[in-house]
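Trainee: Quick one: sequence plus predicted model below, questions after.
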Amino acid sequence: MKTLITASALVLTAFAASASVDTSEFDTYAPGVDVSTLSDAEVNTILSIIHSGDSEGEKRAVIQALVK
């Protein structure tokens, strides 16, 4: 029984950790944006742009247009 409880706790901890998203890179491209006001879809779109192969200027322009 202890093994089941421990395994369940580990799974829930891993799930909670995967649900959080690192948005620290947002300040590089759109300083001062309150990430908590963005939807999950907007956050995912912005993260996709940040990790794309576009130039830094293109990333910054697109992200700033999205958050305005």
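Mentor: That came through, no problem. Worth saying up front: this structure is predicted, and the values here are computed from it rather than measured. Residues are numbered from 1 along each chain as shown.
Trainee: Just the mean pLDDT for stretch 36-50, thanks.
Mentor: Averaged over stretch 36-50, pLDDT sits at 89.
Trainee: now that stretch, how far from the chain's geometric center?
Mentor: Offset of stretch 36-50 from its chain centre (Cα atoms, centre = their mean, to the nearest Å): 6 Å.
Trainee: Likewise for stretch 60-68?
Mentor: Centroid separation between stretch 60-68 and its chain, computed with Cα atoms, centre = their mean, is 16 Å.
Trainee: With just CA atoms, put that stretch into CSV.
Mentor: Extracted C-alpha coordinates of stretch 60-68, given in CSV (Å, rounded to 0.1, in the frame of the first residue of the first chain):
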residue,chain,number,x,y,z
ARG,A,60,10.5,40.5,-30.9
ALA,A,61,8.2,42.2,-33.5
VAL,A,62,5.8,39.3,-33.7
ILE,A,63,5.6,38.7,-30.0
GLN,A,64,5.1,42.4,-29.2
ALA,A,65,2.3,42.5,-31.8
LEU,A,66,0.6,39.5,-30.2
VAL,A,67,0.7,40.8,-26.6
LYS,A,68,-0.7,44.3,-27.5
